[in-house]
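**Student:** sequence plus predicted model, see below.
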Amino acid sequence: MILTKDNTRLGLVLGLIGPLLGLTIVYLVKFSSYTFREFLDYFMHDNRMITSIGSLSLLANAVLFTIYINTNRDNTAKGIFIVTLIYGIGILVLKLFN
């Protein structure tokens, strides 16, 4: 199976998908009364929401990273970590310029 490979590219792809999945889960659990577009607009323009929802979204990558580190697939974990840093920096920049 592809998820059992130890590949940096796989980690980059998983690292990109993880926070998007986390964001979707936060939307479905907490903000389902809004449309997804309204939710994203609210997320992008409220500093408190950027921090809290951004952190919860990146939690998905923390779970993935832990799984891949504990199964000794370090190259995949490295890819996940790289994308997590990029997302984290993006969230900080969004918060600063909001």
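**Tutor:** Alright, I've got the coordinates.

**Student:** show me the shaky parts of this structure.
**Tutor:** Across the chain, residues meeting the criterion (pLDDT under 70) sit at 2.

**Student:** thought L21 was touching A60?
**Tutor:** Yes. With contact defined as CB atoms under 8 Å, L21 counts as touching A60 (5.6 Å). Yep, even glycine has a C-beta here, placed from its N, CA and C like the rest.

**Student:** the two: which is more packed in?
**Tutor:** Under the criterion of other CB atoms under 10 Å, the comparison of L21 against A60 puts A60 first, with 23 against 14.

**Student:** residue contacts, the more buried one?
**Tutor:** Contacts for A60 (CB atoms under 8 Å, 6 or more residues apart in numbering) come out as 18-19, 21-22, 25.

**Student:** and what of N75?
**Tutor:** The contact partners of N75, by CB under 8 Å, 6+ apart, come to 6-8, 11.

**Student:** from those, which land in helices?
**Tutor:** Of the positions in the contacts of N75, 8, 11 sit in helices, assigned by DSSP state H.

**Student:** give me phi/psi at the residue lying closest to R73 once chain neighbours are set aside?
**Tutor:** Take R73 and drop its neighbours on the chain: the residue closest to it by CB to CB, 6 or more residues apart in numbering is D6, 4.1 Å away. Dihedral pair for D6: phi -110, psi 90, per degrees, to the nearest 10.

**Student:** find the helix or strand that the residue nearest the centre of the chain is a member of.
**Tutor:** The centroid of the chain falls nearest to P19 when counting by CA atoms, centre = their mean (2.0 Å). Using DSSP states H and E, P19 maps to helix 8-30.

**Student:** for that helix, name the packing helices and strands.
**Tutor:** helix 36-45, helix 47-70, helix 74-96 (3 or more CB pairs under 8 Å, 6 or more residues apart in numbering; DSSP states H and E).

**Student:** got the angle for the second one vs helix 8-30?
**Tutor:** Read that as helix 47-70. 140 degrees (axes from the mean of the first three to the mean of the last three CA atoms, to 10 degrees).
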